[in-house]
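**Student:** Okay, structure incoming, though there's no sequence with it:
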């Protein structure tokens, strides 16, 4: 078996291992010309019966039978007796296994009950060899050349998916060339293209014209019209046509795709087949070449293409991640043939990592001049980094977004490109914010109009219903928080801008003009405080040490006061900016560490909050701070402990104990 990268891109480890085992038996049997000549008449009868079964309604019974049965079985036994799955069979089965396999295929095709008659692994591999011999006869028979007959054939034989794939690969190109119009034809009624349509999904087929009348952006239209494309699939006939054309004639595949007309169906066409990076690139080229003759607006097809490139790339990366998991590899490495498979898999993983970024660049470069930047821009930033849970699949997904945005940057933001205000004002979100921050940082130039434009868009966005923060520092939130500090540092008057931002977002918790208690307002406020706290990472934001010290005390005082006055969720929201201020004091602005500790201990009312903050990063507190904290703890904790025990809050008692251990407190009343 020739283990090309494409095989590893398309199939998982266990499927490829099975293919490897099959290829071992197939290669052995293919070497015996006498065997092939002996079984050909029987397989020819089987193929003939299949043709009549799908074209003649009066056909009732198959005449196919295995000729030269004893000789064929003995030859197969001779060739396969030393293979791992054959050698474990008892003598009776071993001497008749080819007959069993042949009859199983015949019964599966012609029996109404479709029995599950693959009892042995070796039998399954022999059946695959027989299927291959059937395919050789089918593709040499012009009677099977029309897509309708081929579709009926696949439905009738109901054999393995491997039969389907091998048949598709083997179809002669001349069959397509002889009747191209038949291959690209699509019905007027879109429901006739799909396998089945739920009542709920039917509206997506009927209302796409209403969406066109709503003057939506191209990407918004694609999103809305294809909302349920994951739940629909092409029927057997159109799935076959799509897969065959993809393999043999991408020029015609694009025409068929265009003829599907409705984005829901055009999107579903990508799930009918497995697409390689080379095929995606070729489709992009064909869109350029055929743009004047396409019925569907070109921007719709482009957006559908890049959307499916992204989704396909994520799936391939997930599939290949098996070969980067050494623990999994070690577990499965004792299987026969596994060493060669794993070695090739690791090489294919490296090839994929080098290839997938280039694939985005090639496609975007090919399409750059036929779709406006704003159209592709909205698509690019519709993908958001995932924060939780932090696992392998989250990392793969986030990495894919990074590759996509890097490709967009390389193609559309070449050296010398100047960011326009319009670039940041349209379809703004946090992903776009992070992207343009990276552009500014890379260029080393901070145009004040763009800096203020980004800050304005960011502030307005956080005040909208689209803004969400999961109260973690995971991407993209951590990058946004750092970006806010960076942007403020690039303003002409960083502290004035920071104070203005604080006044805009500060929630009033007391007095005559108290704000409505709204989680979103407090969430927004704390998020922006976190960004302002990271202003201290930028030394050039402050005129001198005195100004820096004053602002640190000012910011810390505001957050502490807001935490004290808040009546929402036990001050949990304000823990995040307090935690960042603590990190700043420990890592960036160390001369303020003792001041921070003292303020936290002396001014925050909730003892638990004090302990959680000071123990969060396991930094050792000063001796003076430890003494003050020990005094306060010995005074307050006995009352706190009684309340915790009364309410059976054992987890919180354990948290207290953990904080005491981290801070190395000497406690007398514990």
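**Tutor:** Done, it's in. Values in this document were obtained by computation on a predicted structure and should not be read as measured data.
**Student:** quick one: the helices in the stretch 501-650 of the chain?
**Tutor:** With helices called from DSSP state H, counting those that start in this stretch, the stretch 501-650 of the chain shows them at 519-533, 545-565, 572-583, 593-603, 607-615, 623-646, 650-663.
**Student:** And for the stretch 251-400 of the chain?
**Tutor:** So, for the stretch 251-400 of the chain - with DSSP H, counting those that start in this stretch - the helices run 263-268, 277-290, 298-320, 326-332, 338-367, 373-380, 392-412.
**Student:** and if you look at the stretch 51-200 of the chain?
**Tutor:** 69-80, 91-94, 97-110, 121-138, 147-157, 161-170, 173-178, 180-184, 199-206.
**Student:** quick one: average pLDDT of the longest one?
**Tutor:** Rounded to a whole number, the mean pLDDT of helix 121-138 is 90.
**Student:** Could you tell me the angle between that helix and helix 147-157?
**Tutor:** Relative orientation of helix 121-138 and helix 147-157, computed by axes from the mean of the first three to the mean of the last three CA atoms, to 10 degrees: 160 degrees.
**Student:** before we move on, back to that, and the helices of the stretch 51-200 of the chain as JSON lines, adding distance to residue 275?
**Tutor:** (Glycine included, C-beta is placed from N, CA and C.) Converted to JSON lines, the helices of the stretch 51-200 of the chain look like this (distance: least, CB to CB, whole Å):
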{"stretch": "helix 69-80", "distance to residue 275": "36"}
{"stretch": "helix 91-94", "distance to residue 275": "41"}
{"stretch": "helix 97-110", "distance to residue 275": "30"}
{"stretch": "helix 121-138", "distance to residue 275": "23"}
{"stretch": "helix 147-157", "distance to residue 275": "20"}
{"stretch": "helix 161-170", "distance to residue 275": "14"}
{"stretch": "helix 173-178", "distance to residue 275": "18"}
{"stretch": "helix 180-184", "distance to residue 275": "18"}
{"stretch": "helix 199-206", "distance to residue 275": "23"}
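**Student:** Figure out which of the helices of the stretch 251-400 of the chain is closest to residue 172.
**Tutor:** Nearest to residue 172 among the helices of the stretch 251-400 of the chain is helix 277-290; the distance by CB to CB comes to 19.6 Å.
**Student:** Pull the distance from the closest one to the chain's centre.
**Tutor:** 22 Å (CA atoms, centre = their mean, to the nearest Å).
**Student:** Give the rounded mean pLDDT of that helix.
**Tutor:** Across helix 277-290, pLDDT averages out at 94.
**Student:** buried residues in it?
**Tutor:** The neighbour-count check on helix 277-290 (16 or more other CB atoms under 10 Å) flags 277, 279, 280, 281, 282, 283, 284, 285, 286, 287 as buried.
**Student:** what about the fourth one, distance to residue 355?
**Tutor:** The reference is to residue 281. 11 Å (CB to CB, to the nearest Å).
**Student:** what about the closest residue to residue 522 other than its chain neighbours, how many residues close to it?
**Tutor:** Distances taken as CB to CB, 6 or more residues apart in numbering place residue 573 nearest to residue 522, at 5.0 Å, with adjacent residues excluded. Neighbours of residue 573 under the rule other CB atoms under 10 Å: 24.
**Student:** let's number from 2 now, not from 1
**Tutor:** Will do, 2 is the new start, and the previous item becomes residue 574.
**Student:** pLDDT wise, what is residue 574 at?
**Tutor:** Taking residue 574 on its own, its pLDDT is 85.
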